[in-house]
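[1] one predicted model, sequence on top.
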Amino acid sequence: MAFIIRQAHAADAAQILNFSRIVGTETDFLSFGAEGLPYRQEELERILQSLEHSNQALVLLALNDDEMVGMGQVSQMREPRMHHRAEVAVAVKKAWWNRGIGTNLLKILIRFASEVSNADILYLEVCHDNLRALRLYSRFGFRSIGTFPGYMKVSGELIDCQIMVMPVQHRH
């Protein structure tokens, strides 16, 4: 089963929202659950449209035929004193874990940060017990700078997350 990765477009909004509801039920490692991403379709369409030619953010979809199996994004902070930072996020359907989707999404996101954006630091948060993701991010050069106790609350339980950072090596 092969997959392709491409940039998300406004027309993908409904599929992205559906994907987020699916992956939100498959793991407690995400910042959302079964409710999915906190956007209405029209709102997400506008956001994706505004990002079409952005040099500060990129949203990627991993697709197997027409099925969305993964998603990744990098978003540079807007505030002037934090504009040098960009947040990275990756989600993959559970049935597609361990097939290289997260790795390939992350490669493209890092390449975008290094060749297109002017961010100096990539950062992310990852649940302390999400060992698969911790290994993936570490392989790419992210390093943990500490634990945020109680970063998320899932089913009444506080979940600690690792804050990870990686300097961007620019290749403009």
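    All right, it came through fine.
[2] give me the residues contacting the host helix or strand of Leu158.
    Assigned by DSSP states H and E, Leu158 falls within strand 157-167. If you take CB atoms under 8 Å, 6 or more residues apart in numbering as the criterion, strand 157-167 is touched by 28, 110, 120-128, 134, 137, 140-153. For the C-beta atoms, the positions are set from N, CA and C on the backbone; glycine is no exception.
[3] just the C-alpha atoms of the helix or strand containing Ile110, please, in PDB.
    Take DSSP H and E as the rule and Ile110 turns out to sit in helix 101-115. Taking Å, rounded to 0.1, in the frame of the first residue of the first chain, the C-alpha atoms of helix 101-115 are listed here in PDB:
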ATOM      1  CA  ILE A 101       4.400   8.300   6.800                       C
ATOM      2  CA  GLY A 102       5.500  10.200   9.800                       C
ATOM      3  CA  THR A 103       9.100  10.100   8.700                       C
ATOM      4  CA  ASN A 104       8.300  11.400   5.200                       C
ATOM      5  CA  LEU A 105       6.000  14.100   6.500                       C
ATOM      6  CA  LEU A 106       8.700  15.300   8.900                       C
ATOM      7  CA  LYS A 107      11.400  15.300   6.200                       C
ATOM      8  CA  ILE A 108       9.300  17.600   4.000                       C
ATOM      9  CA  LEU A 109       8.300  19.900   6.900                       C
ATOM     10  CA  ILE A 110      11.900  20.300   8.000                       C
ATOM     11  CA  ARG A 111      13.000  20.900   4.400                       C
ATOM     12  CA  PHE A 112      10.300  23.600   4.100                       C
ATOM     13  CA  ALA A 113      11.600  25.200   7.300                       C
ATOM     14  CA  SER A 114      15.200  25.200   6.100                       C
ATOM     15  CA  GLU A 115      14.600  26.200   2.500                       C
END
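[4] quick one on the thing from earlier: restricted to helices, list the contacts of strand 157-167.
    Counting by DSSP state H, the part of the contacts of strand 157-167 found in helices is Ile110, Leu134, Tyr137.
[5] quick one, grab the pLDDT at Ser105.
    That one is not Ser; residue 105 is Leu. We have a pLDDT of 98 for Leu105.
[6] quick one on the thing from earlier: buried members of the contacts of strand 157-167 into PyMOL, please.
    Buried residues among these (16 or more other CB atoms under 10 Å), as a PyMOL selection:
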select buried, resi 110+122+123+124+126+127+134+137+142+151+152
